[in-house]
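A.B. asks: below is the sequence, then the predicted model.
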There are 2 protein chains.
Amino acid sequence: MSLKHAILVLLETEPGSGYDLLKQFNSSVGYFWNAKHQQIYQQLKVLSEQELITFAIEKQENRPDKKVYKITNNGINELKTWISCPVKPNKVNDALLVKLYGGHLTNKENLITELQQHLDSHLKTQAYLKQVEQTFLNLPSDKKKKYQLPYLTLRRGILGEEAWIMWANESIEAIKK
Amino acid sequence: MSLKHAILVLLETEPGSGYDLLKQFNSSVGYFWNAKHQQIYQQLKVLSEQELITFAIEKQENRPDKKVYKITNNGINELKTWISCPVKPNKVNDALLVKLYGGHLTNKENLITELQQHLDSHLKTQAYLKQVEQTFLNLPSDKKKKYQLPYLTLRRGILGEEAWIMWANESIEAIKK
DNA sequence: TCTTGCATGTAAGTAGTTACATGATTCC
DNA sequence: GGAATCATGTAACTACTTACATGCAAGA
């Protein structure tokens, strides 16, 4: 259960609402964590009951009110404890590869079409991540130092997408022949 | 829910017991699917109730009896249907990156130690996958044709590990400085 | 008018993990 | 004597998804 820690880590960087967290999971940190709004709101409730976070209701004009959550000292301690314990290697469950493995049960066009669609979305993600990287690289060096570790996670996203794209191109070519 | 289809795909290639499937998930196809024995046995029960697979009890000497499952025609049809429908892109949830993102809450040595441990296990996996690749490449060309699609999934495993290893080396260097 | 974005939630169901449970054989 | 491999399962729990639910504002 690391959604808990993913939320704490994001709130440790900057306070925000459930909706703000959702946007981060759907974009900027989507290469390392994903969650639906239903899960996020539930977890925020649990975390605030455990007093790892607190919230203040912020009234807005022309928009619904929002609950702005921030991490507590307890929350920071919890994070520190968690960070110093080893995590298990990531579990891989990739349905696309299951399909490809059994791809002789369908035709080549079908496989290529699907690979191509996934490839398009990976290309978009990669372009986005590289753009974020550029923004980082143009920061003054003190800021760069500050964001060094998040930047390393971004690099993982970029290198991961790159490898995926290379593989997909290689595979599409191989299937065509 | 693709454990169902992962099992069907493996049984379509070759009949086997729950234990055989477990071994495959833990080694040869671990780069695309993972599951615990508890989940596998449960799913096998469900699949045989749905008549997508059947089993025969095989008596063994000096070993416990085993249930050897094989896919039925219904099972193959179910697989074909599933394979021709698009799958969603894979969800990423990587606790190690969460830790790194919040790595300023611990010390560098800690981060490097953990990265190094994960790196070791990725190096082992990569070496294993490359060895499997060599076995494939030494097959006669008719067999190569037959296993082309599973081989493409193996390539994904290899390229994925390669990218991970590159990233980890890059990151360890960056943190040291 | 219709879609997208903002903003939050509950309820029911599915998928996956952890803990518990057994028992023979083989290898160190 | 103890760990690893073979072989299968149940029960309780946690994590995650899908469906349901609301409502205003801005822009096309």
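C.D. replies: Received, thanks.

A.B. asks: can you say which helix or strand has the closest residue to A:S28 other than its chain neighbours in it?
C.D. replies: Nearest residue to A:S28, sequence neighbours excluded (Cβ to Cβ, 6 or more residues apart in numbering or on different chains): A:V132, at 6.8 Å. The C-beta positions use only the backbone N, C-alpha and C, and glycine is treated the same way. Assigned by DSSP states H and E, A:V132 belongs to helix A:108-137.

A.B. asks: in that helix, what's buried?
C.D. replies: Residues of helix A:108-137 classed as buried under the neighbour-count rule (16 or more other Cβ atoms under 10 Å in any protein chain shown) are A:110-112, A:114-115, A:118-119, A:122, A:125-126, A:128-129, A:132, A:136.

A.B. asks: does the residue nearest to A:S28 touch A:L154 like I think?
C.D. replies: Yes. Under the criterion of Cβ atoms under 8 Å, A:V132 makes contact with A:L154 at 6.2 Å.

A.B. asks: coming back round to it: so which bits of whichever helix or strand comes after the helix holding A:V132 are buried?
C.D. replies: Downstream of helix A:108-137, the next assigned helix or strand under DSSP H and E is helix A:141-146. Counting neighbours by 16+ other Cβ under 10 Å, one finds that helix A:141-146 has no buried residues.

A.B. asks: and if you look at stretch A:54-70?
C.D. replies: Within stretch A:54-70, the residues that count as buried by 16+ other Cβ under 10 Å are A:T54, A:F55, A:K66, A:K67, A:V68, A:Y69.

A.B. asks: kindly report the same for stretch A:163-177.
C.D. replies: So for stretch A:163-177, counting by 16+ other Cβ under 10 Å, buried means A:A163, A:W164, A:I165, A:W167, A:A168, A:S171, A:I175.

A.B. asks: mean confidence score for whichever strand or helix holds the fourth one?
C.D. replies: Of the helices and strands defined by DSSP H and E, A:W167 is found in helix A:148-176. When pLDDT is averaged along helix A:148-176, the result is 98.

A.B. asks: look up how far DNA strand C lies from A:V87.
C.D. replies: Per Cβ to the nearest atom of the strand, to the nearest Å, A:V87 is found 11 Å from DNA strand C.

A.B. asks: go through the helix or strand harbouring A:F25 and flag the buried ones.
C.D. replies: Assigned by DSSP H and E, A:F25 belongs to helix A:18-26. Within helix A:18-26, the residues that qualify as buried are A:G18, A:D20, A:L21, A:L22, A:Q24, A:F25, counting by 16+ other Cβ under 10 Å.

A.B. asks: and chain B, which of the residues you listed contact it?
C.D. replies: Applying Cβ under 8 Å from any Cβ of the partner chain to the buried residues of helix A:18-26, one finds that nothing falls near chain B.

A.B. asks: from these, pick the one nearest DNA strand D.
C.D. replies: Distance to DNA strand D, by Cβ to the nearest atom of the strand, is smallest for A:F25 among the buried residues of helix A:18-26, at 9.8 Å.

A.B. asks: so A:L159 makes contact with B:I165?
C.D. replies: No. Counting by Cβ under 8 Å, A:L159 does not reach B:I165; the two are 9.9 Å apart.

A.B. asks: need the residues touching each of the two.
C.D. replies: Shared contacts of A:L159 and B:I165, defined by Cβ atoms under 8 Å, 6 or more residues apart in numbering or on different chains, are absent.

A.B. asks: can stretch A:4-22 be found next to DNA strand C?
C.D. replies: Yes. With Cβ under 7 Å from any atom of the strand as the criterion, DNA strand C is reached by stretch A:4-22 at A:S17, A:G18, A:Y19, A:D20, A:L22.

A.B. asks: show me what contacts the nearest residue to A:Y31 once chain neighbours are set aside?
C.D. replies: Nearest residue to A:Y31, sequence neighbours excluded (Cβ to Cβ, 6+ apart): A:G157, at 3.1 Å. Taking Cβ under 8 Å, 6+ apart, we find A:G157 in contact with A:Y31, A:F32, A:T125, A:L129.

A.B. asks: okay, the residues you listed in a markdown table with distance to A:L96 next?
C.D. replies: What follows is those, written out as a markdown table (distance: Cβ to Cβ, whole Å):
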| residue | distance to A:L96 |
| --- | --- |
| A:Y31 | 17 |
| A:F32 | 19 |
| A:T125 | 15 |
| A:L129 | 20 |
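
A.B. asks: what does stretch A:26-35 rub up against?
C.D. replies: Identification of contacts with stretch A:26-35 by Cβ under 8 Å, 6+ apart yields A:2-3, A:6, A:10, A:21-22, A:24-25, A:43, A:125, A:128-129, A:132, A:153-154, A:156-157, A:160-161, B:91-94, B:97-98, B:101.

A.B. asks: tell me the mean pLDDT for it?
C.D. replies: Per-residue scores along stretch A:26-35 average to 97.

A.B. asks: how about that stretch: buried residues?
C.D. replies: So for stretch A:26-35, counting by 16+ other Cβ under 10 Å, buried means A:S28, A:V29, A:G30, A:Y31, A:F32, A:W33, A:N34, A:A35.
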